[in-house]
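In: Mind folding the following:
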Amino acid sequence: MTDCSIRVKPTVDAVAVCHECGQHLVSGTVLWAGIHVCTEYECTECGSRFIEDLPVGHAVGGPFRIDIHRNQLTGPAANRAWFGEPLFRALLDPDESEVRLVVEIRKPAPRIVLLNCIDSLYGHCVLKLLNAAAHLADPEYGVVVLVPSFLVWMIPDGVAEVWCVEMPLSLASNYFPDLHRAIERELTRFLEVRVSRAYSHPSQFRLADFTRIARHDFSKTEYRLTFIWRADRLWLRRTLVTRVFKRLGLERTLLAFQRRRIRKLFKQVGQDFPEAKLTVAGIGRQGRFPQWIDDLRVDRINSGETERSLCRIYSESRVVVGVHGSNMLLPSGHAGMCVDLMPEERWPNIAQDILYAPEDFHGDVRMSAYRHRFVSLDTSPREVGTIIAGMLGHFQGVLQRFVSEMRDPHADVHR
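Out: Residues are numbered from 1 along each chain as shown. Below you'll find the model as predicted:
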């Protein structure tokens, strides 16, 4: 699995071309800059100095380079504002605060792959952690995960060490020299160190190995239909009225509109599928729902057990519905099927918030297409209800045509 990682000890397996004179340079220094893992270069021909991303995380698609003498940033234009410029600002103005790194050694490993899961967005942290599955499959290297404290509950069995940092998402873009030094001290214990590429959208993993919650069981006669609540991205048409309401600080009124749409959706689907337990889950308890809706929202995520209890709800859900975003990652990964409500500006990011399970239904891509629907945020509750009714009502027939007819009729087609 060495193609999924880059060696940084005993030597750094990275080269660069000097942008001033074209000289090929070899790096000998790694800079642990929070989200970014960088290397430092100095050209002996022309004297230029620069810092450049290793192809790790979102830098896999193209690194950023900072010319130290000129204070210039170069890199992919598409990622500059949200990925390159925060690095530029962080390196120009380091955060000298102390950062506590708590190291838990679970088993000895002289050679390791370090998986950096620090990020300023929750969904990015989760997706990076899922890369651990590929590294755990390689017995030659122990896996060391560097994680923010809120993600410790998802660390899979089998890792060699857990390095936990108390760092809110809002500070993850900063460069902390204290954290850099702490990581460097820990790395002296190992003969060889590789850093995971930490792909931003890994595909080879079993979510249950991380959450310890099984995927949805389609054989159960009772199940949930769950709306994933999110107060900052609403299931509302983007109109002048909604924009004015937001500018006037009338979010409570907009949330009331969202609750009304959810009630409409549940009334329609509940009439035809009385076995479905109509549920709202997620973070934030703004407003109330009638008693016939199972309101399982939480005020905040304050422990791994809270996260795991929500995952149990998602696992019991035959269908989850929610607005596109990181809030859909764990629900989509545990539920039987999902409907992702797409804001107009998010269509280029389609499927990035969905955790697929390629092994389900013998890997039949048609079943995957059937189980994951992407519809416009402007879709009405009536239309979404019709979509969900079709998904629920025709599932077994579609399964028979797509999978069962071509398999042993006694085989378990659900897994």
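
In: From here on, just use CA atoms for contacts and neighbour counts.
Out: Fine.

In: Residue 37 - how many residues pack around it?
Out: By the criterion of other Cα atoms under 10 Å, residue 37 has 19 neighbours.

In: Grab the nearest non-local neighbour of residue 284.
Out: Distances taken as Cα to Cα, 6 or more residues apart in numbering put residue 299 closest to residue 284, at 4.7 Å, once the chain neighbours are dropped.

In: In contact with that neighbour: list those residues for me.
Out: Taking Cα atoms under 8 Å, 6 or more residues apart in numbering as the criterion, residue 299 is in contact with 283-285.

In: ok, now residue 183?
Out: Per Cα under 8 Å, 6+ apart, neighbours of residue 183: residue 32.

In: helices or strands up against the helix or strand hosting residue 89?
Out: In this structure, residue 89 is located in helix 85-92 according to DSSP states H and E. Here helix 85-92 is seen to pack against no other helix or strand when contacts are counted using 3 or more Cα pairs under 8 Å, 6 or more residues apart in numbering; DSSP states H and E.

In: which of the residues in that helix are buried?
Out: If you call a residue buried by 16 or more other Cα atoms under 10 Å, then helix 85-92 has these buried ones: 85-88, 90-91.

In: ok, now stretch 313-325?
Out: Buried-residue list, stretch 313-325, by 16+ other Cα under 10 Å: 313-325.

In: quick one: which of the residues you listed is nearest to residue 8?
Out: Proximity of those to residue 8, judged by Cα to Cα, is greatest for residue 325, which lies at 33.7 Å.

In: how much space is there between the closest residue in space to the closest one that isn't next to it in sequence and residue 131?
Out: Among residues not flanking residue 325 along the chain, residue 353 sits closest, at 5.7 Å (Cα to Cα, 6+ apart). Taken as Cα to Cα, to the nearest Å, the spacing of residue 353 relative to residue 131 amounts to 16 Å.

In: Please, where are all the strands along the stretch 151-300 of the chain?
Out: According to DSSP state E, counting those that start in this stretch, the stretch 151-300 of the chain carries its strands in the segments 161-165, 192-196, 223-229, 276-282, 294-295.

In: Show me the contact partners of the last one.
Out: With Cα under 8 Å, 6+ apart as the contact definition, strand 294-295 has outside contacts at 277-281, 289.

In: One more: the first one?
Out: The set of residues that contact strand 161-165 without belonging to it, under Cα under 8 Å, 6+ apart, is 99-107, 143-149, 152.

In: Adjacent strands (with direction) for it?
Out: Using DSSP bridges, the strands paired with strand 161-165 in its sheet are strand 101-105 (antiparallel), strand 142-148 (parallel).

In: Find the one among those strands with the highest mean neighbour count.
Out: strand 142-148 (a mean of 25; mean count of other Cα atoms under 10 Å).

In: Run the angle between that one and strand 192-196 for me.
Out: Counting by axes from the mean of the first three to the mean of the last three Cα atoms, to 10 degrees, strand 142-148 lies at 50 degrees to strand 192-196.

In: any idea how far stretch 313-324 is from the chain center?
Out: Centroid separation for stretch 313-324 versus its chain: 16 Å, with Cα atoms, centre = their mean, to the nearest Å.

In: for stretch 189-206, that is, sorry about that
Out: Between the mean C-alpha location of stretch 189-206 and the chain-wide mean there is a distance of 15 Å, by Cα atoms, centre = their mean.

In: Compute the first-to-last residue distance for it.
Out: Across its full length, stretch 189-206 reaches 31 Å end to end, with Cα to Cα as the criterion.

In: now the residue nearest to residue 222 when sequence neighbours are not counted: how far from residue 339?
Out: The shortest distance from residue 222 to any residue other than its chain neighbours is 5.4 Å, reached at residue 275 (Cα to Cα, 6+ apart). The spacing between residue 275 and residue 339, counted by Cα to Cα, is 19 Å.

In: who has more neighbours, those two?
Out: Of the pair residue 275 and residue 339, residue 339 is the one with more neighbours under other Cα under 10 Å, namely 23 against 13.

In: Verify the contact between that one and residue 376 for me.
Out: No - Residue 339 is not in contact with residue 376 according to Cα atoms under 8 Å; the separation is 10.2 Å.

In: Give the helix, strand or coil label for the closest residue to residue 28 other than its chain neighbours.
Out: Ranked by Cα to Cα, 6+ apart and with sequence neighbours excluded, the top spatial neighbour of residue 28 is residue 12, at 5.8 Å. Three-state assignment for residue 12 (DSSP: H, G, I helix; E, B strand; the rest coil): coil.

In: The residue nearest to residue 325: how many residues sit nearby?
Out: Neighbour tally, residue 353, other Cα under 10 Å: 23.

In: Helix, strand, or coil at it?
Out: Here residue 353 is coil, with the state taken from three-state DSSP.

In: ok, it - contacts?
Out: Each residue near residue 353 by Cα under 8 Å, 6+ apart is listed here: 123, 324-329.

In: Which stretches in the stretch 201-350 of the chain count as helices?
Out: Along the stretch 201-350 of the chain, counting by DSSP state H, counting those that start in this stretch, helices occupy 208-211, 240-247, 251-272, 304-315, 329-334.

In: Show residues contacting the fourth one.
Out: Just to be clear, that refers to helix 304-315. With Cα under 8 Å, 6+ apart as the contact definition, helix 304-315 has outside contacts at 150-154, 211, 213-217, 224, 226, 281-282, 301, 320, 330-332, 334-336.

In: most remote residue from this protein's center?
Out: With Cα atoms, centre = their mean as the measure, the chain has its most outlying C-alpha, relative to the mean C-alpha position, at residue 45: 42.6 Å.

In: Return the per-residue confidence for the residue nearest to residue 216 when sequence neighbours are not counted.
Out: Taking Cα to Cα, 6+ apart, and ignoring the residues beside it in sequence, residue 216 has residue 315 as its nearest neighbour in space, at 4.6 Å. Per-residue confidence for residue 315 comes out at a pLDDT of 98.

In: how near is residue 315 to residue 102?
Out: When Cα to Cα is the yardstick, residue 315 and residue 102 sit 32 Å from each other.

In: which stretches of the stretch 1-150 of the chain have low pLDDT?
Out: 1-2 (pLDDT under 70).

In: What ranges does it have for its helices?
Out: Taking DSSP H, counting those that start in this stretch as the criterion, the stretch 1-150 of the chain carries its helices at 85-92, 122-129, 132-136.
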